[in-house]
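Peer 1: here are the coordinates; sequence isn't available:
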């Protein structure tokens, strides 16, 4: 598998975090030679179905991705932008993958990407 050549340095602590990494690697293995980005994808949908409660772990993966030449960035962008599609509005323009990743880090550092519990 191609994903075996690209290690994930962030260590998962829960079964859901392990599952996210498995889905991320499976997504990469299926799309690494694709010439187009064509969401939706079952692996993205599987992680989105877990909900926003894993945003802290997802953002650790985003920060690792930025530090390691944007590996797994397409998966992470698709998951986070889908999770927060009602909260994140981007005006027309071109950020590119790197710009989007840095944009997510900025939103997260300002506390705008969070998991809220409502009782």
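Peer 2: In hand now; what should we look at? As the structure is a computational prediction, the values presented were derived from the model and not from experiment. Numbering: from 1, shown residues only.
Peer 1: Tell me how many other residues crowd residue 43.
Peer 2: For residue 43, the number of neighbouring residues by other Cβ atoms under 10 Å comes to 22. Bear in mind the C-beta positions are built from the backbone N, C-alpha and C, glycine included.
Peer 1: Now it: which helix or strand?
Peer 2: Secondary structure assignment for residue 43, by DSSP states H and E: helix 42-48.
Peer 1: what's downstream of that helix, the next helix or strand?
Peer 2: Downstream of helix 42-48 (by DSSP H and E), the next one is helix 55-67.
Peer 1: In terms of secondary structure, what does that following helix contact?
Peer 2: Here helix 55-67 touches helix 15-31, helix 73-83, helix 96-109, going by 3 or more Cβ pairs under 8 Å, 6 or more residues apart in numbering; DSSP states H and E.
Peer 1: So which of those helices is nearest residue 43?
Peer 2: Distances from residue 43 to each of the helices and strands packed on helix 55-67 were compared using Cβ to Cβ; the minimum, 3.8 Å, belongs to helix 15-31.
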